[in-house]
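>>> Let me see the structure of the following:
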Amino acid sequence: MINTVINGKIPGPNGRPIVYDFFYELNRSKAPIVIFCHGYKGYKDWGAWTLFAKDFASQGIAFLKFNFSYNGGTAENPIDFPDLEAFGQNNYTKELQDLECVINWLTTHQSTNSALDTNTIILMGHSRGGGIALIKASEDSRIRKVITLAGVSDYKSRFPEKQALKAWASSGFYFVKNGRTQQQMPHAYQFYEDFIAHEDRLTISKSVKGLQIPHLIVHGAEDKSVALSEAIALHEWSQHSTLCVIPKGNHVFGTKQPWDNPQIPAELEQVFVKTIDFINN
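Sure thing, here's the model as predicted:
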């Protein structure tokens, strides 16, 4: 029997709750725990992530997925982006603080739960969330393995440059249209300022080169959002890494939002098989 918690809440470090879902098998003992970090313009309920999580639980691996507290969702409505003001105030440091909070909650509030092994925590991140998972894995000894799905290899190159950067500094905001929701997603200039203030910590290559734990890199061969070359770079930097390229896989491994199929798509199934094998071996 799978124990399911939907839209649970952990007090966040910046005054906003961290909303999470947690799935694990009650009839097993000491299950390893995957913590899943969503990517840019993402959230825990996007596409087939819930089916993905349940599939892990059915194989005896606990799976916790959560929304970063400033991702634009709210405790009442964690899907899509009802709070664009919060979205605009997000940054990488806040996401790392949120992840720290989730790990702390697991290792304290769940430490006596016999169904879970809080000494075996695996971080998994998709796209931008892959970078967050890698940075955290490099600095936290509680993390045993790390998995990146379509993970980015660099944050700095994704910021506006030259005149666009000056315009952002002058106006205080720049906007990116969400093609699915048609919302204009705001990005406050503090996002860039926070990166510059913490650039050493937020340089993914530095974190990856220092990784001393197993690292699985999964990337779609047809990813148009994050180039396969970024996965290859991660593999070259990460001395304990395995690179797995999914044929015909796109950036979201065949999923979409909303996802109405009762099963995950074939590309994501390949990801599932590879990650299960990596965790168990």
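>>> Poorly predicted segments of the stretch 151-281 of the chain, please.
Across the stretch 151-281 of the chain, no stretch falls below the confidence threshold (pLDDT under 70).
>>> hey, where'd the helices end up in it?
For the stretch 151-281 of the chain, the helices defined by DSSP state H, counting those that start in this stretch occupy 162-171, 190-197, 199-202, 204-209, 228-237, 266-280.
>>> Nearest to residue 243 among these would be which one?
Using CB to CB as the criterion, the shortest distance between residue 243 and the helices of the stretch 151-281 of the chain is 4.2 Å, found for helix 228-237. No exception for glycine: its C-beta is placed from N, CA and C like everyone else's.
>>> Can you list the helices and strands that that closest one packs against?
Under the contact criterion of 3 or more CB pairs under 8 Å, 6 or more residues apart in numbering; DSSP states H and E, the helices and strands touching helix 228-237 comprise helix 204-209, strand 215-220, strand 241-246.
>>> bridging residues for residue 188?
On the basis of DSSP bridges, residue 188 takes part in beta bridges with residue 173.
>>> for it, what are its contacts?
Under the criterion of CB atoms under 8 Å, 6 or more residues apart in numbering, the contact list for residue 188 reads 88, 89, 172, 173.
>>> what do you get if the cut-off is 10 Å, keeping everything else the same?
85, 87, 88, 89, 90, 91, 168, 172, 173, 174, 194 (CB atoms under 10 Å, 6 or more residues apart in numbering).
>>> try residue 129
36-40, 42, 68, 95, 99, 123, 148-152.
>>> Only the buried members of those residues: can you turn that into a PyMOL selection?
To isolate the buried subset of the contacts of residue 129 in PyMOL, counting by 16 or more other CB atoms under 10 Å, use the following:
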select buried, resi 36+37+38+39+42+68+95+99+123+148+149+150+151+152
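>>> now, the most widely separated pair of the contacts of residue 129?
Greatest spacing in these, by CB to CB: 99 and 150 (18.2 Å).
>>> Select the longest strand from the protein.
Taking DSSP state E as the criterion, the chain has its longest strand at strand 116-126.
>>> Name the surrounding residues that touch stretch 247-265.
For stretch 247-265, the surrounding residues in contact (CB under 10 Å, 6+ apart) are 39, 42-43, 45-52, 54-55, 79-80, 126-127, 149-150, 180-181, 218-226, 228, 246, 266-272.
>>> Drop anything exposed from those residues.
Neighbour counting with 16+ other CB under 10 Å marks 39, 42-43, 45-52, 54-55, 80, 126-127, 149-150, 218-220, 223, 226, 228, 246, 267-272 as buried within those.
>>> if I look at residue 193, how far off is residue 223?
Relative to residue 223, residue 193 is positioned 30 Å away (CB to CB, to the nearest Å).
>>> whoops, I mixed them up, residue 136
Distance check for residue 136 against residue 223: by CB to CB, it reads 23 Å.
>>> cool, and residue 202?
Summarising the geometry, the distance separating residue 202 from residue 223, computed by CB to CB, is 22 Å.
>>> Then residue 113?
Residue 113 sits 37 Å away from residue 223 when distances are taken as CB to CB.
>>> top helix in this protein by residue count?
Secondary structure assigned by DSSP state H gives helix 92-109 as the longest helix of the chain.
>>> Buried ones in that helix, by neighbour count?
Buried, per 16+ other CB under 10 Å, within helix 92-109: 92-99, 101-103, 105-106.
>>> Can you tell me which of those residues lies closest to residue 186?
Closest approach between these and residue 186, by CB to CB: residue 94, at 15.2 Å.
>>> my guess is that closest one meets residue 87, correct?
No - with contacts counted by CB atoms under 10 Å, residue 94 stays clear of residue 87, the gap being 11.4 Å.
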